[in-house]
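A.B. asks: Next come a sequence and a model predicted from it.
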Amino acid sequence: MDVIQVLTEPLVIIAIAIGVFTLRVIYLAKRLKTASKDLTFADLRALDEAKKGLNAHKDSLEVARETLQENLGGARDTLRHYDAPFTKTVEDRRKGIESVMDDLEKSRSGYKDEYRRGIKEARKIVRDAFPRKTHRAPKDL
């Protein structure tokens with residue numbers, strides 16, 4: 001008989017599967033027994049698990065960074081075509097703000113002029129209301 005024909009027999013396949021399963025269980029049992037005897041072994045296993053988790057996290061972070069860079073690159077390429085309308089919008093907004101500022105400055109200057117006129121008129125009224133002081137004695141004395 002050929003080796004391949006023997007290995008394809010259902011009973012041989014079942015025997016191999018049971019043997020592999022039994023050897024795996026025995027190996028895991030020995031490993032757990034040694035782990036229970038050595039207290040630091042559990043810590044080493046936990047440390048290895050943490051390193052694997054951290055590496056998986058780093059890989060996912062790297063994938064996220066690459067995705068972000070691709071999205072930013074696409075956005076930059078898209079915005080390159082909209083440079084002229086964006087500049088026009090900024091210039092229009094700047095002109096609008098400048099016109100509002102000019103109107104405000106004009107209204108302030110008008111307010112200052114009115115304020116100065118009011119101060120002058122108030123001084124004039126105060127001067128006219130009080131008599132002038134002189135160093136001469138009054139005539140009726």
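C.D. replies: Perfect, I can see it now.

A.B. asks: Extract the residue ranges of the chain that are flagged as low pLDDT.
C.D. replies: Along the chain, the model assigns pLDDT under 70 to residues 1, 39, 41-42, 78-86, 109-111, 129-141.

A.B. asks: quick one, helices of the chain?
C.D. replies: 3-7, 10-37, 39-80, 83-129 (DSSP state H).

A.B. asks: Is it possible to get TSV of these that adds mean neighbour count?
C.D. replies: From N, CA and C alone the C-beta is placed, and that goes for glycine too. Output for the helices of the chain, formatted as TSV (neighbours: other Cβ atoms under 10 Å):
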stretch	mean neighbour count
helix 3-7	8
helix 10-37	10
helix 39-80	10
helix 83-129	10
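
A.B. asks: Can you tell me how far the most centrally placed residue in the chain is from residue 60?
C.D. replies: Centroid check for the chain by Cα atoms, centre = their mean gives residue 68 as the closest residue, at 12.8 Å. Separation of residue 68 from residue 60 (Cβ to Cβ, to the nearest Å) stands at 13 Å.

A.B. asks: ditto for residue 49
C.D. replies: For residue 49 relative to residue 60 (Cβ to Cβ), the value is 17 Å.

A.B. asks: likewise residue 16?
C.D. replies: Residue 16 sits 39 Å away from residue 60, going by Cβ to Cβ.

A.B. asks: Could you do residue 2 as well?
C.D. replies: Residue 2 is 49 Å from residue 60, by Cβ to Cβ.
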